[in-house]
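Mind looking at a prediction? Sequence and model below.
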Amino acid sequence: MIRRLVFAALAGLLLAACQEETAPPTPVRPVLSARVAIDEAGPQSFVGTVEARDKVDLGFQVLGRLLTRTVDVGDVVRSGEVVATIDPTTLDLTVRSAEAALGNRRAERENAAATVTRVEALRATGTAAEANLEDARTAYDAADAAVRQAEADLAKARDALGYAELRAGFDGIVTATGAEPGQTVAAGESIVTIAKPDPRDAVIDVPDWLVGTLKSAASFAVAPQIAPDQTIVGQLREIAPDADPLTRTRRLKIALTDPPSLFRLGSTVEVRTDRRASPTITLPEAAVLTRDGGAFVWVISVNETGRSAQREGTVTLRQVNTAPADQGRLHIVSGLSAGERVAIAGVHSLQDGQKVLVPADGTRGSEGDAS
């Protein structure tokens, strides 16, 4: 019985060994790949407007009904000029009430001063106690403090009466109005917007991915749409910290130095950026593997020599830094160099060190360059 079991075990081992020897090797799978190339896109053009760098919204400091607005959009104003007024009736009544209260407090102080003088005379003759004199002086001090408070209230009321007039704080141009005569306006509500004519900026909205390709203080060619040949050079001054949640664009402000009269506030301009100064690499989103919060690509090491239609290579996982691009692509900020070959499909089914087949450049099935 034991001999039979031993023979059966040996037979099983021999059968397994034969199966292992006859098992076919794992096939080398073909993959779609592309060479990394530098994006040589030419200058891009955007339409924007000319805006003032310094502008302020003027509003009343008190609640009231707008009585007059003496300026409109496009008007030139001077510093200190009255641009709007509200109904001063309530403020004027407050001033009168404060004046009456001050007169009352002054009369009370005069009466308290006379009481102090009378008690002092009685005290000198010995007909009044020292406590009576102290009470009289205390009453005078209280009346004097009430006068000072009433004077402060009157000054405050007169100051508030001055708030009925809205004045320009500097020379500028009216760029917007926020209320019409007859409307009740709240304290701080914008009535007019005044902008300084200089300095000026060209304001444009660009795709979010383009911001990563711009250098600090990058130069732009700016021209008015009504005169495309009148081009001046602008310099990047400000980049919006966040992208618009709907359009995924970022706002750029480009400083204009001594712009001609054609670049008036509110005019439409065309802004061109030189992309050639900042070459970039882009890949399809399908070529980038996202794992553990990082971005990775499969770099294929292959012997490019030879004349065969397909060549064998090895894939290696490499981490890269990316930025959003347009049309289903991603910018590769760092981690890849021009001339390297990467897999652009099936990135979720590859393994590090796996052998793959890639078509030779120029043969059918090759995907060409990824730029």
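It's in.

Tell me how far residue 123 lies from residue 129.
8 Å (Cβ to Cβ, to the nearest Å). For every residue, glycine as well, the C-beta is placed using N, CA and C.

These two: who's more crowded?
residue 123 (15 against 12; other Cβ atoms under 10 Å).

which stretch of helix or strand covers that one?
Residue 123 belongs to helix 89-125 when elements are defined using DSSP states H and E.

And the average pLDDT for the next helix-or-strand element following that helix is what?
Later in the chain than helix 89-125, the nearest helix or strand by DSSP H and E is helix 130-162. Averaging pLDDT along helix 130-162 yields 89.

List the buried residues of helix 130-162.
Within helix 130-162, the residues scored as buried using 16 or more other Cβ atoms under 10 Å are 133, 136-137, 139-140, 143-144, 146-147, 150, 153-154, 157, 160-161.

now swap in stretch 341-359 and tell me
Buried residues in stretch 341-359 (16+ other Cβ under 10 Å): 341, 342, 343, 344, 347, 350, 354, 356, 357, 358, 359.

Quick check: closest non-adjacent residue to the third one.
Just to be clear, that refers to residue 343. residue 298 (4.0 Å; Cβ to Cβ, 6 or more residues apart in numbering).

and for the strand or helix carrying that neighbour, what are the contacting residues?
Take DSSP H and E as the rule and residue 298 turns out to sit in strand 294-302. Applying Cβ atoms under 8 Å, 6 or more residues apart in numbering, the external contacts of strand 294-302 come out as 31, 33, 283, 287-290, 311-322, 330, 332, 335-336, 340-343, 347, 350, 356, 358.

quick one on the thing from earlier: list the helices and strands the helix holding residue 123 packs on?
Counting contacts by 3 or more Cβ pairs under 8 Å, 6 or more residues apart in numbering; DSSP states H and E, helix 89-125 packs against helix 130-162.

same for whichever helix or strand comes after the helix it packs on, what does it pack against?
Downstream of helix 130-162, the first helix or strand assigned by DSSP H and E is strand 165-167. Under the contact definition 3+ Cβ pairs under 8 Å, 6+ apart, strand 165-167 sits against strand 82-86.

what comes up buried for the strand it packs on?
Across strand 82-86, burial judged by 16+ other Cβ under 10 Å covers 83, 84, 85, 86.

Each with direction, which strands does it pair with?
For strand 82-86, the pairing partners within the sheet under DSSP bridges are strand 64-69 (antiparallel), strand 165-167 (antiparallel).

For it, C-alpha coordinates in PDB please.
Extracted C-alpha coordinates of strand 82-86, given in PDB (Å, rounded to 0.1, in the frame of the first residue of the first chain):
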ATOM      1  CA  VAL A  82     -19.200 117.600  -5.500                       C
ATOM      2  CA  VAL A  83     -20.500 114.600  -7.500                       C
ATOM      3  CA  ALA A  84     -23.700 113.800  -5.600                       C
ATOM      4  CA  THR A  85     -25.900 115.000  -2.700                       C
ATOM      5  CA  ILE A  86     -28.600 113.400  -0.500                       C
END
